[in-house]
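Colleague: Turn this into a structure:
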Amino acid sequence: MKILKFGAKWCGPCRVLESKLEGFDTCELTKFDLDEDDVDEYVAKFGIRNIPVMILVDDEGNELKRWVGLVRDIDEFKKEVESFKK
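Modeller: As a prediction, the model looks like this:
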């Protein structure tokens, strides 16, 4: 299980979310910067239309949960992610 985080350097909410996720160790976090060319495949696969967006996927890459926008309560977010581990 891991989280795919989509954002961009020019996006204010993405930068705020990045700082909130410092030290996040609940599960693996893979970051995709939309300013880079090699993310188009993932953007298309997951239908990314807004940023920031985080997608929790299982070990086979199937989407379990999606969060769009700025996560306000990081502790609640961690609890929600943990609930998928059971």
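
Colleague: From now on I want contacts and neighbour counts done on CA atoms only, so please keep to that.
Modeller: Fine.

Colleague: thought Glu82 was touching Thr26?
Modeller: Yes. If you go by CA atoms under 8 Å, Glu82 and Thr26 touch, sitting 7.0 Å apart.

Colleague: what residues are shared contacts of these two?
Modeller: Common neighbours of Glu82 and Thr26 (criterion: CA atoms under 8 Å, 6 or more residues apart in numbering): none identified.

Colleague: per-residue confidence at the residue lying closest to Ile51 once chain neighbours are set aside?
Modeller: Take Ile51 and drop its neighbours on the chain: the residue closest to it by CA to CA, 6 or more residues apart in numbering is Gly7, 5.4 Å away. Gly7 is assigned a pLDDT of 96 by the prediction.

Colleague: And Gly7, how close does it get to Leu34?
Modeller: Look at Gly7 and Leu34: by CA to CA, to the nearest Å, they are 6 Å apart.

Colleague: quick one on the thing from earlier: run a quick neighbour tally on the residue nearest to Ile51.
Modeller: By other CA atoms under 10 Å, the residues close to Gly7 number 25.

Colleague: before we move on, what about the one 5 residues further on?
Modeller: For Gly12, the neighbour count with other CA under 10 Å is 14.

Colleague: Let me see the contact set for the residue nearest to Ile51.
Modeller: Counting by CA under 8 Å, 6+ apart, Gly7 has contacts 14, 31-34, 51-53.

Colleague: just Lys65 next, same as before
Modeller: Here Lys65 is in contact with 55-57 (CA under 8 Å, 6+ apart).

Colleague: that's a strand at it, yeah?
Modeller: Yes. Applying DSSP: H, G, I helix; E, B strand; the rest coil, one finds Lys65 inside a strand.

Colleague: do you know how far it is from Cys14?
Modeller: Lys65 is 18 Å from Cys14, by CA to CA.
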